[in-house]
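Colleague: Mind folding the following:
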Amino acid sequence: MGYKSQTNRVQIEIYLKQNYKEPITNKSLATQFHVHENYLARCMKVAFDCTPLEYLANYRIEQARLLLLKTDLPLHLISEEIGFSRLSYFSQCFKNKYGVSPANYRKQYRKLNVKAIQP
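Modeller: Numbers count the residues shown, from 1 in each chain. You can find the predicted model right below:
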């Protein structure tokens, strides 16, 4: 990977992490970085083995996981907070990645914490 594509990859990664709550499309990324959508996809595929939107979805789900563990926010607010417009789609994506629904993930974690605290 050349210097320019490496620089673009880093810039794209930073942009996605800083703006993950906003609606982002391949077209908006291409406009933001003044490159073709296919070029963006190739750079990210080489660097991260995924497209920019796959990277964004994974990052959003990871942020949701952290919010589930660290807050008592309702699922619909977590979904909105991380940039998903539909709770059902967020739940489906979360379950695909972690094998359980967001609500069950939170319950499992809380059970483990309660057991760890009890004498």
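Colleague: And the pLDDT for the nearest residue to F48 once chain neighbours are set aside?
Modeller: Spatially, and ignoring its direct neighbours in sequence, F48 is nearest to Y55 (5.6 Å; Cβ to Cβ, 6 or more residues apart in numbering). All C-beta spots, glycine's among them, are computed from the backbone N, C-alpha and C. At Y55, the model reports a pLDDT of 95.
Colleague: Over to A41?
Modeller: 87.
Colleague: buried ones in stretch 36-47?
Modeller: Residues of stretch 36-47 classed as buried: 37, 40-41, 43-44, 47 (neighbour count, 16 or more other Cβ atoms under 10 Å).
Colleague: With stretch 78-94 instead?
Modeller: Quick answer for stretch 78-94 (16+ other Cβ under 10 Å): 78-84, 87, 90-91, 93-94.
Colleague: any idea how far that stretch is from the chain center?
Modeller: Taking Cα atoms, centre = their mean, to the nearest Å, one finds the center of stretch 78-94 at 10 Å from the center of the full chain.
Colleague: C-alpha coordinates for that stretch, CSV please?
Modeller: The C-alpha trace of stretch 78-94 is given here as CSV (Å, rounded to 0.1, in the frame of the first residue of the first chain):
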residue,chain,number,x,y,z
ILE,A,78,-28.2,3.5,22.8
SER,A,79,-29.3,2.7,19.3
GLU,A,80,-29.8,6.4,18.5
GLU,A,81,-26.7,7.4,20.3
ILE,A,82,-24.5,5.2,18.1
GLY,A,83,-26.0,6.2,14.8
PHE,A,84,-28.6,3.5,14.1
SER,A,85,-32.0,4.9,13.0
ARG,A,86,-33.9,1.7,13.8
LEU,A,87,-33.7,-0.3,17.0
SER,A,88,-34.6,-3.5,15.3
TYR,A,89,-31.7,-3.2,12.9
PHE,A,90,-29.3,-2.3,15.7
SER,A,91,-30.4,-5.4,17.7
GLN,A,92,-30.0,-7.6,14.6
CYS,A,93,-26.4,-6.3,14.0
PHE,A,94,-25.5,-6.7,17.7
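Colleague: Kind regards, and thank you for your time.
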